[in-house]
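Asks: here is a sequence with its predicted model. Questions after.
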Amino acid sequence: MGKGAPLRVVITGASSGIGAATAIAFARGGAQLLLAARGKEGLADIAARCRDAGGRAEARVVDVTDAAAVQALATEARALLGAIDLWFSCVGVGVVGRYHEVPLADHARVIQANLQSHMNEAHAVVPIFLAQDRGTWVNMISVGGFVATPYAAAYAASKFGLRGFSEALRGELSRHPNVHVCDVYPTFVDTPGIDHAGNYSGARLTLPPGALAPETVARAVVRLARHPRDTTVVGAPALLLKLGQFAAPNLMAAVMNGFMDSWSARAPRGEDTSGAIHEPPAGASGPDGRRRDPHRGRKAAAAGTVALAALAGVALWRRRAT
């Protein structure tokens, strides 16, 4: 791939949120795109936006938990694009609620979408990268791959598992210096995903202050196409959360659980729902959730960073003192 050549990119989970924002960002650079997701209307919307932004985009309705469908997508992508420079695995779903109060079928679907589907995608594209002797697989994880998330136990299991999978795969590919496995770990992001999530908490879901714009994460992914790196953390508090997890993982989980208990008791009431876990959302939802206040978010994020630094420091001091 020449330095100025148009990128050939496949994005799954491209119909909304980070996947959609990333597709549009690549399109602005003239990329050739193959976009995949479950929702036909959402895909058509984002493909049109990509074309308007200057890229070339084709859309395919694919459920990436179906390994055969993913293999067919990879085969078509290689034929359609000529080669694959970057494959972005961006499918992700979630369900909120105490573990024993969430239907087991919803937990299973979270694992299938967040872990198994990414493994399906890697299994399909890695042989193509090896045949090309180059290529970048970008794995959307989240800071939840480092910090346990009470009220989202299946999500935590999937993200911890996904981090381990990436590290193992990177080890297997270490003798192929032009084939890259890149992990992206954002903090909270303001996407329509909060509307698509399952919810058995009894409270209406909201975002914490300081949530990122999806375009912020998209820019980080686009950079990886030209400058791949193993780990990319997006969002100021993330490194401190990682430090806290290293220093005292049980303390961090307990703090998170206390916050969730307090939030669920005080938030406006909500109805139990499986959201869009089992079926794609109706219509087009776009990249942005439009819930954040940028000015309030910056102040809250700064305050959160200070608080997390103090918590991580105390935890580390206690660990060394024992």
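Replies: That came through fine. Residues are numbered from 1 along each chain as shown.

Asks: surely residue 142 meets residue 193?
Replies: No - in this structure, residue 142 is not within contact of residue 193 by Cβ atoms under 8 Å, at 10.6 Å. Quick note: C-beta positions are derived from backbone N, CA and C, even for glycine.

Asks: neighbour-wise, which of these two wins?
Replies: Applying other Cβ atoms under 10 Å to residue 142 and residue 193 shows that residue 142 carries more neighbours, namely 29 against 22.

Asks: over to the more buried one: give its phi and psi.
Replies: Backbone dihedrals for residue 142, given as degrees, to the nearest 10, come out at phi 140, psi 160.

Asks: next one: residue 37
Replies: phi -170, psi 180.

Asks: over to residue 11?
Replies: As for residue 11, its main-chain torsions (degrees, to the nearest 10) stand at phi -130, psi 120.

Asks: so it sits right up against residue 90, yeah?
Replies: Yes - if you go by Cβ under 8 Å, residue 11 and residue 90 touch, sitting 6.1 Å apart.

Asks: next, show the common contact partners of the two.
Replies: Common contacts of residue 11 and residue 90 (Cβ atoms under 8 Å, 6 or more residues apart in numbering): 19, 22.

Asks: mind listing what's buried in the host helix or strand of residue 156?
Replies: Assigned by DSSP states H and E, residue 156 belongs to helix 153-172. Neighbour-count burial for helix 153-172, with 16 or more other Cβ atoms under 10 Å as criterion, is recorded at 153-163, 165-166, 169-170.

Asks: out of these, which is nearest to residue 71?
Replies: When these are compared for distance to residue 71 (Cβ to Cβ), residue 169 wins out at 17.1 Å.

Asks: contact partners for the nearest residue to residue 216 once chain neighbours are set aside?
Replies: In this structure, residue 216 finds its nearest non-sequential neighbour in residue 234, 6.3 Å apart by Cβ to Cβ, 6 or more residues apart in numbering. Residues near residue 234 by Cβ under 8 Å, 6+ apart: 184-187, 212, 216-217, 220.

Asks: ok, now residue 136?
Replies: By Cβ under 8 Å, 6+ apart, residue 136 lies in contact with 85-87, 179-180, 182, 224-225, 228.
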